[in-house]
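[1] got a structure for you, letters missing:
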């Protein structure tokens, strides 16, 4: 259903709607020494649109990231005309903390959102969110589906933990997948559906599912508001569990082609790793190897279904001649384990959970079809979009604009990524923090009192050998600890 919000203010729209003044307007709002994006200077009599497409619980198992099995032709074609970030990291691998951090440009310890219930407005009532910045600048700001957190699948069809100040209009689709939940094959029946290894190959067509409706509603908004600068958030629900997708996407992945999780769980693999590092207890939630392979297949089917709906939105953008003047961002809120070392889902500080797909295309992106290995964080997106659109962001953002990498993916860029997660019972919680550099990942739990981890990401990308207690790496440990203290202790902004 559609839920109109308060009308938008347009303090800068007259300036933007004057096509002759666009280049000058952009130049004046950019920092000194930063030229307006080349595409924006010739884009026409209005500023660039923004289309923010988010996936829920998507890892980097995608064609464009080199996965040998998963088929994602539409995400791949977006990468072919944009910049793919091969080392992008979330700030907290859980839906609400990650999304709030992304959309406020602040780290979780600043927003103080570490769970799925806290409304960030109760803590930061005056914060200006990313879509709110665009709305205040005269953009039509709307969302379809899940941008801020709400329970998937429990709150599908509602606004959940949304932020009304961010949007002029919201749409909350509800599809046939909600009605199909009783038909699920569920390997973890004691877990809630939002955290269950469960799936169903649906006979219903794409357009009847929630994600199909998200695409349909997003296309309708593009058609209706194509003549006004817009910030449109399109939040898909897949591949989040339960893994319900049309059966034809399951047919793309014959079960005999699905490998078992690698590396398979063994006690030796976790012997030197601190206990808090693991989210899935007992390993694999005691699901059989056959069941694990069925779930991986369902996850890949859900990923390809997501990709098809992303393609529908991109097709509409092209049909409406909006591609040339629309910044398109595709990302996930966090990564996802598929049985590695017995781990499933998110809420770990291993690479598989901390890393996310991130692709940016459109005006200001001149390194089209390129990839960058530079480390970026989702918190870096807010200042980058402000710069690309020629807007002045609020003070105090804790990321740094990643826009230089959109022009030169190999430019000098020496910034780490910090990801954190909370552990323990409500009365006795503690935090784990992990800092990632090109060569190393260092993690500590409860300030180190409950364990430390150190992995050489170049030699051991699977993070199978914890070197924290190896005296040969004492200097590396010291340096990584100091780096983590500078980022976290300094409010999150590494110089």
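    That came in fine, so what should we check first? None of these values were measured; they are calculated from a predicted model. Residues are numbered from 1 along each chain as shown.

[2] got any ranges where the chain has weak pLDDT?
    1-45, 490-495 (pLDDT under 70).

[3] for it, longest strand please?
    Ordering each strand of the chain by length in residues (DSSP state E) puts strand 230-239 first.

[4] Residue 480 and residue 442 touch, don't they?
    Yes. Assessed by Cβ atoms under 8 Å, residue 480 is found in contact with residue 442 at 3.5 Å. Placement of C-beta: from N, CA and C, glycine included.

[5] Look up the residues that both of the two are in contact with.
    435, 454 (Cβ atoms under 8 Å, 6 or more residues apart in numbering).

[6] about what we covered before: tell me the strands beside the longest strand of the chain, with direction?
    strand 49-56 (parallel), strand 140-145 (parallel) (DSSP bridges).

[7] Following the chain past the last one, name the next helix or strand.
    Which is strand 140-145. From strand 140-145 onward toward the C-terminus, using DSSP states H and E, the following helix or strand is strand 169-171.

[8] Doesn't residue 357 belong to a strand?
    Yes. Checked against DSSP: H, G, I helix; E, B strand; the rest coil, residue 357 lies within a strand.

[9] which residues in the stretch 151-300 of the chain form strands?
    169-171, 185-186, 198-202, 230-239, 243-246 (DSSP state E, counting those that start in this stretch).

[10] Could you pull out the buried residues of the longest helix along the chain?
    When the chain is parsed with DSSP state H, its longest helix is helix 289-319. Residues of helix 289-319 classed as buried by neighbour count (16 or more other Cβ atoms under 10 Å): 291-314, 316-317.

[11] same thing with stretch 58-76?
    Quick answer for stretch 58-76 (16+ other Cβ under 10 Å): 58-65, 70-72, 74-76.

[12] Report the two of those residues separated the most.
    The span of the buried residues of stretch 58-76, defined through Cβ to Cβ, is set by 59 and 74 at 17.3 Å.

[13] ok, the nearest residue to residue 312 once chain neighbours are set aside - contacts?
    With sequence-adjacent residues excluded and distances taken as Cβ to Cβ, 6 or more residues apart in numbering, residue 312 is closest to residue 215, at 4.4 Å. By Cβ under 8 Å, 6+ apart, the contact list for residue 215 reads 234, 309, 310, 312, 313.

[14] Switch the residues you listed over to TSV, and while doing so, append distance to residue 472 to every line.
    Shown next, in TSV, are the contacts of residue 215 (distance: Cβ to Cβ, whole Å):
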residue	distance to residue 472
234	48
309	49
310	46
312	53
313	51
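
[15] just those residues now: which is nearest residue 248?
    Set against residue 248, the nearest of these by Cβ to Cβ is residue 309 (13.5 Å).

[16] Check which helices and strands the helix or strand that residue 371 is a member of sits against.
    For residue 371, the host element (DSSP H and E) is strand 370-377. Counting contacts by 3 or more Cβ pairs under 8 Å, 6 or more residues apart in numbering; DSSP states H and E, strand 370-377 packs against strand 82-89, helix 404-407, strand 417-423.

[17] Measure how it sits relative to strand 82-89, angle-wise.
    Counting by axes from the mean of the first three to the mean of the last three Cα atoms, to 10 degrees, strand 370-377 points 30 degrees away from the direction of strand 82-89.

[18] Quick check: the gap between residue 400 and residue 372.
    As for residue 400, its distance to residue 372 is 14 Å (criterion: Cβ to Cβ, to the nearest Å).

[19] do the same with residue 125
    Distance from residue 125 to residue 372, by Cβ to Cβ: 36 Å.

[20] Neighbour count for those two, which is higher?
    residue 372 (23 against 9; other Cβ atoms under 10 Å).

[21] Which strand residues bridge the more buried one?
    With DSSP bridges as the rule, residue 372 is bridged to residue 85.

[22] Specify the stretch among the strands of the stretch 151-300 of the chain that is closest to residue 136.
    Across the strands of the stretch 151-300 of the chain, closest to residue 136 is strand 230-239 (Cβ to Cβ), at 10.7 Å.

[23] Report the distance from the closest one to the chain centre.
    Averaging C-alpha positions (Cα atoms, centre = their mean, to the nearest Å) puts strand 230-239 11 Å from its chain's average.

[24] got the angle between that strand and helix 289-319?
    160 degrees.

[25] Can you give me the buried ones in strand 230-239?
    Result for strand 230-239 [16+ other Cβ under 10 Å]: buried residues 230, 231, 232, 233, 234, 235, 236, 237, 238, 239.

[26] Please apply the same query to stretch 155-165.
    By neighbour count on 16+ other Cβ under 10 Å, the buried set for stretch 155-165 is 155, 156, 157, 159, 160, 161, 162, 163, 165.

[27] Stretch 352-371 too?
    352-365, 367, 370-371.

[28] same question, stretch 91-100
    91, 92, 93, 94, 95, 96, 97, 98, 99, 100.

[29] List the contacts of it.
    54, 56-57, 90, 101-102, 106-108, 111, 113-118, 120, 147-149, 152, 161, 333-335, 346-349, 353-354, 377-379, 418-421.

[30] Run through the residues that contact residue 464.
    263, 269.

[31] Kindly provide the distance from it to residue 455.
    Residue 464 is 8 Å from residue 455, by Cβ to Cβ.

[32] Same check on residue 164?
    Residue 164 is 42 Å from residue 455, by Cβ to Cβ.

[33] Contact partners for residue 145?
    171, 172, 173, 210, 211, 214, 217, 234, 235, 236, 237.

[34] What residue, apart from its backbone neighbours, is nearest residue 337 spatially?
    Leaving aside its chain neighbours, residue 337 sits nearest to residue 343 (4.1 Å; criterion: Cβ to Cβ, 6+ apart).

[35] burial count for residue 181?
    15.

[36] Let me know whether it touches residue 242 as I believe.
    Yes. Here residue 181 lies in contact with residue 242, judged by Cβ under 8 Å, at a distance of 6.7 Å.

[37] Next, show the common contact partners of the two.
    153, 193, 200.
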